[in-house]
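# let me see the structure of the following:
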Amino acid sequence: MKAWQRLKQFQGDSSFATWITRITINLCLDHLRKQKRQRAESIEELDEESGGVERKMPVVTVNPTERLERGELRKKIDEALGQLSEAHRTVMVLHEFEDMEYKEIAKTMGCSIGTVMSRLFYARRKMASLLAGLKKEDET
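Just a heads-up that it's a prediction; the model follows:
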């Protein structure tokens, strides 16, 4: 539906399949974010008569900064992904996050398997160089 509604916005800078795939990926990410928010809200609404959240949640010792660190890491990964070309980013997302095989990606993007492999190689290499600073920050 979203693609149909936004068909006039398609500029042809990339293949139609890539454009549709990007819309699908964005919708899936939006859906996951919405689920996380709803889950957090439902935890807050737990019945106080049954002991509230504390009694229903398993006892886990957690690093209090872990959530913040994970959020920062996610932000840095998103920024690094944003620095990739559209073709490299799409291949990376489809393979690493959507678990698509080379053959499926090639069909979706309208290119050869070799092109997918090459784009994935260069995307990984670029991501590694962009995120190399993270390891150095952790060591200090």
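# secondary structure element holding residue 120?
helix 113-139 (DSSP states H and E).
# my bad, residue 30
Using DSSP H and E, residue 30 falls within helix 16-44.
# which helices and strands does that helix pack with?
Helix 16-44 sits against helix 2-5, helix 86-92, helix 102-109, with contacts defined as 3 or more Cβ pairs under 8 Å, 6 or more residues apart in numbering; DSSP states H and E. (Glycine included, C-beta is placed from N, CA and C.)
# tell me the most buried of those helices?
helix 86-92 (a mean of 21; mean count of other Cβ atoms under 10 Å).
# against which helices or strands is it packed?
The contact analysis (3+ Cβ pairs under 8 Å, 6+ apart) places helix 86-92 against helix 16-44, helix 66-82, helix 102-109, helix 113-139.
# can I get these in JSON lines including mean pLDDT and distance to residue 3?
Shown next, in JSON lines, are these (pLDDT from 0 to 100; distance: least, Cβ to Cβ, whole Å):
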{"stretch": "helix 16-44", "mean pLDDT": "73", "distance to residue 3": "5"}
{"stretch": "helix 66-82", "mean pLDDT": "77", "distance to residue 3": "22"}
{"stretch": "helix 102-109", "mean pLDDT": "90", "distance to residue 3": "14"}
{"stretch": "helix 113-139", "mean pLDDT": "81", "distance to residue 3": "22"}
